[in-house]
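Visitor: what would the 3D arrangement of this be:
(chains A and B)
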Amino acid sequence: MPFHQDISPVGISRALTFWVAISLDRIGRDAPGLRFIASTKARRTVPVAHQIDTSGSHEIANPGLRSQEFFWTPEINVGDVMIFDPYVCHASFSAASMSRPRTSVDLRIAQFDVRQAISYLDAGHGPILFDQTDMIAPARAISGEKSGFDYDPDDVKGAALRSAFEKTIARNSSGLARSRLVRPTPRD
Amino acid sequence: MATVNYRKEQRRAKRATNVLTCEKLETSLTGFDPATASHHLDRFGCLLVRGNAATRTAVNDYREFLECIGFLKVPPPNGGGLWQIQGGTPFQFHIHRLIQQYFYELCRNYFSSDVLLSSAGTTAMMRTGPQIKLG
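Guide: Next up is the predicted model:
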């Protein structure tokens, strides 16, 4: 992946990306790593123009470095978590000495916003809500014409959070978003 | 592509500014202070949190699961290529729960919100291949 900001595809201005190393190999030494442009807050206030191709790939052609910035290519080990905001320019970094593949998971977290949650529901992206103790997450992926994620109406985990969520969605959302939350699920 | 030159990057980091150093961009779960971490994230935009035995165990369990379902048998493309699954699988919530356990307070501080939002569709598992070795 060339240099890019996550704000371009993610679109949530304050979402944080949590990037978790799964590989046993040392990422940034033995396996391809991540390269960041470490920059101050003043530089991270607006999206930078990206070149976008038909496949959805997006990149900053020439990110450049200002006087107070530098490239940062940390070595990341299994169990480490890299956290960054959506305005940080970053890229994959690979060198000839890196002979191992890299496996990672990255996820985005933002503050709860009902419009954002509804847009996730409408798009079939399966919103996940959590507080300190509870988490509401889709029970399974569904495919076909209405592909997306299905919630299990019998799932009582996080009942208070779920109830508040459903009431909020019911007050604010389209019928599509509501149906994704309450759709009966087939049993095996 | 160039080889990573850590010493060169460290020297440049030290020259760049007195405040923006790599040390500021790295912390550890041992003695982790969510408020300080939130402050650094807001100021510098990125933060590497070194894991502990518990996070390593959790991730190792997750990797074993990925091995069981064959995910790690898929060869990633060479030449720095990327292979990814965007959403689509329920097992990724294992990592969401890991984040909830260790980073809820950080997120609560950063966003000033008790309830946090993520989504399956914006979660990706990636395998990135090494460069092709010629000759």
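Visitor: in what helix or strand does A:Ile67 lie?
Guide: Check again: residue A:67 is Ser, not Ile. In the assignment (DSSP states H and E), A:Ser67 maps to no helix and no strand.
Visitor: do you know the pLDDT at it?
Guide: If you check A:Ser67, the pLDDT there is 72.
Visitor: and the gap between it and A:Pro47?
Guide: Between A:Ser67 and A:Pro47 the computed distance is 22 Å (CB to CB, to the nearest Å). (C-beta placed from N, C-alpha, C; glycine too.)
Visitor: A:Gln132 now?
Guide: A:Gln132 is 32 Å from A:Pro47, by CB to CB.
Visitor: quick one, which of these two is more surrounded?
Guide: Taking neighbours as other CB atoms under 10 Å in any protein chain shown, A:Gln132 and A:Pro47 compare with A:Pro47 leading, 15 against 12.
Visitor: pull the number of nearby residues for the closest residue to the more buried one other than its chain neighbours.
Guide: When the adjacent residues along the chain are set aside, A:Pro47 lies closest to A:Ile7, with 4.9 Å between them (CB to CB, 6 or more residues apart in numbering or on different chains). By other CB under 10 Å, 20 other residues sit near A:Ile7.
Visitor: quick one: residues contacting A:Ile7.
Guide: Residues near A:Ile7 by CB atoms under 8 Å, 6 or more residues apart in numbering or on different chains: A:13, A:47, A:86-87.
Visitor: of all these, which comes closest to A:Trp72?
Guide: A:Tyr87 (15.0 Å; CB to CB).
Visitor: domain-wise, how is chain A divided?
Guide: In terms of domains, chain A is parsed into A:7-109, A:114-182 (source: automatic domain parsing).
Visitor: just say which of these is most tucked in.
Guide: Mean neighbour counts were compared across these using mean count of other CB atoms under 10 Å in any protein chain shown; the top stretch is domain A:7-109, at a mean of 19.
Visitor: picking that back up, and the domains of chain A, which one averages the lowest pLDDT?
Guide: For those, mean pLDDT drops lowest on domain A:114-182, to a mean of 76.
Visitor: and that one with chain B, contact?
Guide: Yes. Judged by CB under 8 Å from any CB of the partner chain, domain A:114-182 and chain B are in contact via A:116-117, A:120, A:123-132, A:135, A:137-141, A:148-149, A:161.
Visitor: for A:Arg162, which non-adjacent residue is closest in space?
Guide: A:Ile136 is the one closest to A:Arg162 (CB to CB, 6+ apart), at 5.2 Å.
Visitor: hang on, isn't the one you found packed against A:Ser163?
Guide: No. Using CB atoms under 8 Å, A:Ile136 makes no contact with A:Ser163, being 10.1 Å away.
Visitor: and the longest helix for chain B?
Guide: helix B:93-111 (DSSP state H).
Visitor: from the contact counts, what lies against that one?
Guide: strand A:16-21, strand A:81-84, strand A:102-111, strand A:127-130, strand A:135-136, helix B:34-44, helix B:53-68, strand B:116-119 (3 or more CB pairs under 8 Å, 6 or more residues apart in numbering or on different chains; DSSP states H and E).
Visitor: how close does the most centrally placed residue in chain A sit to A:Val46?
Guide: By CA atoms, centre = their mean, chain A has its centre lying nearest to A:Arg108, at 2.9 Å. To A:Val46, A:Arg108 is 19 Å away according to CB to CB.
Visitor: what do you get for B:Tyr104?
Guide: 29 Å.
Visitor: dump the residue contacts of the nearest residue to A:Val88 once chain neighbours are set aside.
Guide: Excluding its sequence neighbours, the residue lying closest to A:Val88 (CB to CB, 6+ apart) is B:Gly45, at 4.2 Å. The contact partners of B:Gly45, taken as CB under 8 Å, 6+ apart, are A:38-39, A:41, A:44, A:84-85, A:87-88.
Visitor: just these now: which is nearest B:Thr30?
Guide: A:Phe84 (21.3 Å).
Visitor: chain neighbours aside, what residue packs nearest to the closest one?
Guide: Closest to A:Phe84 by CB to CB, 6+ apart is B:Cys46, at 3.8 Å.
Visitor: unless I'm mixing things up, that neighbour is touching B:Lys24, no?
Guide: No. Between B:Cys46 and B:Lys24 there is no contact under CB under 8 Å: 10.2 Å.
Visitor: out of those two, which sits in the busier spot?
Guide: Of the pair B:Cys46 and B:Lys24, B:Cys46 is the one with more neighbours under other CB under 10 Å, namely 25 against 14.
Visitor: for that one, give its distance to A:Thr40.
Guide: Counting by CB to CB - B:Cys46 and A:Thr40 are separated by 12 Å.
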